[in-house]
Structures are given as structure tokens and as C-alpha cells.
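Trainee: Give me a 3D structure for the following:
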Amino acid sequence: MPKLELDESTHIYRLDGRRIIGTTEALKILDDRWKVDPWYLERGRFIHKATELYDTDELDESTVDDRIRPYLDAYMRFRRDTDFVPTFIERELYHPKFFYGMKIDRIGWLNGRWVMMDLKSGAPARVDKLQSAAYLEGCYANGIEVKGGFDLYLRDDTTYKLEPIDHPKLLLPVFLAALQCARWKENL
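Mentor: Numbering: from 1, shown residues only. As a prediction, this is how the structure comes out:
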């Protein structure tokens, strides 16, 4: 079985030592939302870590920074409101046919359905649904038979918004086109 590695500091994926494009890197071709103040990217990483520790019952809430706390509270509210039960947390995968890397935030049970969930802490963008469509396709290609996907927007006022990924099969070709452009740009 091929070995997937993700360098967290550079967000570069390698499959058996060979560099492959990740979903975020591919989507940078279409949207520059990731070219922001590094503080926002770091904030996103801390939010993801706090929610991960919460989901694995390893969180010491006294260590959560006040700037991260509202997003964590939003996630905790979402979990209480919906009884969402995560099965996989921060799962790294690659697509065996299209060769792109991804880190899926959550796969779990929501209202009796096994679903994929992508956590977001920024403003909604059109590329969000493309990213989630790529994640869903990655799940299916790896034998993870989820029954749909969602973008979960966590807000700094402790609220959240859950957005379903409608028509992922129609969104996937747009993502794959961006992936090809990213490969061309990087000479991969």
C-alpha cells in the first residue's frame, strides 16, 4: 500500500516520496483566499486542533485562547444540537486514480447518515464546495461510502452554519480542471 505523507508546515503531500498536489493547492488556481495574513491561516490550524482535541476527549479547555474559543464553542454547539458523532478525525487520504492529497476534517454520523464534514472558520467562498466535492470523491475512491457531505462554518459569535454539498458530481470536473492547471504550473 502506498505511503502518504503530509508536511504540515508546507502543506505538501508526498505519495511514496513523490510530490502530489493537495486539494487546497489545486484550488489556489481559482481563488486566492489562502493568500491572506498568515495569522488567519494559523487561527484556522488552532481551531482545527481545538476541535480535534475536543472530539478525542483530550482537550483541556483552560488552554484554549480567547480568540479561538468562540469557534470551539460554535463547534461544541453544533455537536450538541445535531448529535453528530465523528468516526474519523483529520483523516489524510489520496485519490488513487487522480492522485491528489487531502485531509478530511471529519467523517461521522449525522441524523443516521454517515457523512463527510469540512470545517471552515472563514467567510464562505465558491471554492468551498469544490473542495468538499473533491473530498467526497476521495472518500468514495478509498471505499469510504459516505452518504453526502457538508461544509460546517464556525463563526466568531459562537454560531455555526451547516451547508450541504449539493451535486458533487457536477462540481468534481471543475476541481479536476483546477488540479490539472496546478500540475501544469508546478511541472508535475
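
Trainee: so which strand or helix has Tyr54?
Mentor: Here Tyr54, judged by DSSP states H and E, is contained in helix 38-55.

Trainee: contacting residues around that helix?
Mentor: Residues external to helix 38-55 that are found in contact with it (Cβ atoms under 8 Å, 6 or more residues apart in numbering): 34, 59-60, 64-65, 67-68, 71-72, 75-76, 79, 86, 89-90, 105-106, 119, 121-122, 154. In short, each C-beta sits where N, CA and C put it, glycine included.

Trainee: Which parts of the chain are strands?
Mentor: Using DSSP state E, the strands of the chain run over residues 4-7, 12-15, 18-22, 85-94, 100-110, 113-120, 149-154, 160-164.

Trainee: Tell me the spacing between the residue of the chain most remote from its centre and Arg69.
Mentor: What lies farthest from the middle of the chain is Ser62; by Cα atoms, centre = their mean that is 26.0 Å. Ser62 is 11 Å from Arg69, where distance means Cβ to Cβ, to the nearest Å.

Trainee: Kindly report the same for Phe150.
Mentor: Counting by Cβ to Cβ, the separation of Phe150 from Arg69 is 23 Å.

Trainee: And the two? Which one has more around it.
Mentor: The residue with more neighbours, out of Phe150 and Arg69, is Phe150; 19 against 15, by other Cβ atoms under 10 Å.

Trainee: thought Leu93 was touching Tyr100?
Mentor: No: Leu93 is beyond contact range of Tyr100, at 9.5 Å (criterion: Cβ atoms under 8 Å).

Trainee: Find the residue ranges of the protein scoring beneath the pLDDT cut-off.
Mentor: For the chain, applying pLDDT under 70 flags the ranges 33-37.

Trainee: picking that back up, ok, the residue farthest from the centre of the chain to Leu154 distance?
Mentor: 20 Å.

Trainee: From the contacts of helix 38-55, keep the buried residues only.
Mentor: In the contacts of helix 38-55, burial by neighbour count holds for 34, 59, 64, 68, 71-72, 75-76, 79, 86, 89-90, 105-106, 119, 121, 154, counting by 16 or more other Cβ atoms under 10 Å.
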